[in-house]
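Trainee: Fold the following and give me the result.
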Amino acid sequence: MTDHSTQPSLLVSPRTAASMLAVSQRKLWSMTFEEQPAMPHVRCGRLVRYSPDDLRGWIDARREGGAR
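Mentor: Prediction:
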């Protein structure tokens, strides 16, 4: 039997994603559905989930200034 509690989540909730990005859930919703290009997300029926890897990629694509 696999212990899932020690494995990182493949997808996180909007609350967790907003916390990871240090923004409100309302701002995350805006970034996902109102801004272009949209925040990468996955729909599971009515649920919206975010991949931590996509969140990191989104951050890296918007990084400005300083040496990379």
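Trainee: When you work out contacts or count neighbours from here on, use the C-alpha atoms and nothing else.
Mentor: Noted.
Trainee: which intervals of the chain have sub-threshold pLDDT?
Mentor: 1-5, 68 (pLDDT under 70).
Trainee: For it, which segments count as helices?
Mentor: For the chain, the helices defined by DSSP state H cover 14-21, 25-33, 52-62.
Trainee: Tell me what angle the shortest one forms with helix 52-62.
Mentor: If you take axes from the mean of the first three to the mean of the last three C-alpha atoms, to 10 degrees, helix 14-21 sits at 40 degrees to helix 52-62.
Trainee: Flag every buried residue along stretch 34-44.
Mentor: Within stretch 34-44, the residues that count as buried by 16 or more other C-alpha atoms under 10 Å are M39, P40, H41.
Trainee: Please tell me I have it right and the second one contacts V48.
Mentor: No - P40 is beyond contact range of V48, at 10.3 Å (criterion: C-alpha atoms under 8 Å).
Trainee: Of the helices of the chain, which is nearest Q7?
Mentor: Of all the helices of the chain, helix 52-62 sits nearest to Q7, with 13.1 Å by C-alpha to C-alpha.
Trainee: From the contact counts, what lies against the closest one?
Mentor: Under the contact criterion of 3 or more C-alpha pairs under 8 Å, 6 or more residues apart in numbering; DSSP states H and E, helix 52-62 touches helix 14-21.
Trainee: before we move on, the earlier item: would you list the helices of the chain in JSON lines and tack on mean neighbour count and distance to Q7?
Mentor: JSON lines is the format used below for the helices of the chain (neighbours: other C-alpha atoms under 10 Å; distance: least, C-alpha to C-alpha, whole Å):
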{"stretch": "helix 14-21", "mean neighbour count": "16", "distance to Q7": "16"}
{"stretch": "helix 25-33", "mean neighbour count": "15", "distance to Q7": "25"}
{"stretch": "helix 52-62", "mean neighbour count": "13", "distance to Q7": "13"}
